[in-house]
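# what shape does this take:
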Amino acid sequence: MIQFNEEWKKLQYEIIYNKPQIDGPYPQVIVEKRELLLYAQVELGKAQSAYNLNNEKLYKLHFLLYSLFMYCYYK
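Below is the predicted model of the structure:
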């Protein structure tokens, strides 16, 4: 079973604390990576909601999407 609190902590770290120190607009590569974090955040929220509603199919779908976004982010 997924530990939602741990996954939220990972996202919080990446979004809030692990941001680049750049004056001015972010380069396109960084913008795309930050966008992946936003998508991951949405999918983790949907997975947690589906889990709380005991909807296993939706839970698996949204967790798979969350995992894919995080894989692409760390890649």
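# which residues touch Tyr51?
Tyr51 makes contacts with 2, 4, 59, as judged by CB atoms under 8 Å, 6 or more residues apart in numbering. (C-beta placed from N, C-alpha, C; glycine too.)
# sorry, that was for Cys72
When contacts are counted by CB under 8 Å, 6+ apart, Cys72 touches Leu36.
# give me the pLDDT value at it.
The model reports Cys72 with a pLDDT of 97.
# how much space between it and Ser49?
23 Å (CB to CB, to the nearest Å).
# what do you get for Tyr13?
Taking CB to CB, one finds Tyr13 at 22 Å from Ser49.
# tell me which of those two has more neighbours.
Ser49 (13 against 10; other CB atoms under 10 Å).
# does the more buried one belong to a helix or a strand, and which?
Assigned by DSSP states H and E, Ser49 falls within helix 28-52.
# I'd like the next helix or strand past that helix.
helix 56-74.
# where does Ile2 land in three-state SS?
Look at Ile2: counting by DSSP: H, G, I helix; E, B strand; the rest coil, its state is coil.
# enumerate every residue touching it.
47, 51, 63.
# excluding its backbone neighbours, what's nearest the residue nearest the centre of the chain?
When CA atoms, centre = their mean is applied to the chain, the residue found nearest the centroid is Ala40 (2.5 Å). Excluding the flanking residues, the one nearest Ala40 by CB to CB, 6 or more residues apart in numbering is Phe69, at 3.9 Å.
# and Glu14, by the same measure?
Using CB to CB, 6+ apart, the closest residue to Glu14 is Leu37 (5.6 Å).
# you'd agree the one you found is up against Ile16?
No - assessed by CB atoms under 8 Å, Leu37 is found out of contact with Ile16, at 10.3 Å.
# who has more neighbours out of these two?
The neighbour count for Leu37 versus Ile16, taken as other CB under 10 Å, is higher for Leu37 (18 against 8).
# measure the residue nearest to Glu14 to Tyr73 for me?
Counting by CB to CB - Leu37 and Tyr73 are separated by 6 Å.
# swap in Ile30?
Distance from Ile30 to Tyr73, counting by CB to CB: 11 Å.
# those two - which one has more neighbours?
Ranked by neighbour count (other CB under 10 Å), Ile30 and Tyr73 place Tyr73 first, with 17 against 13.
# no further queries at this time; thank you.
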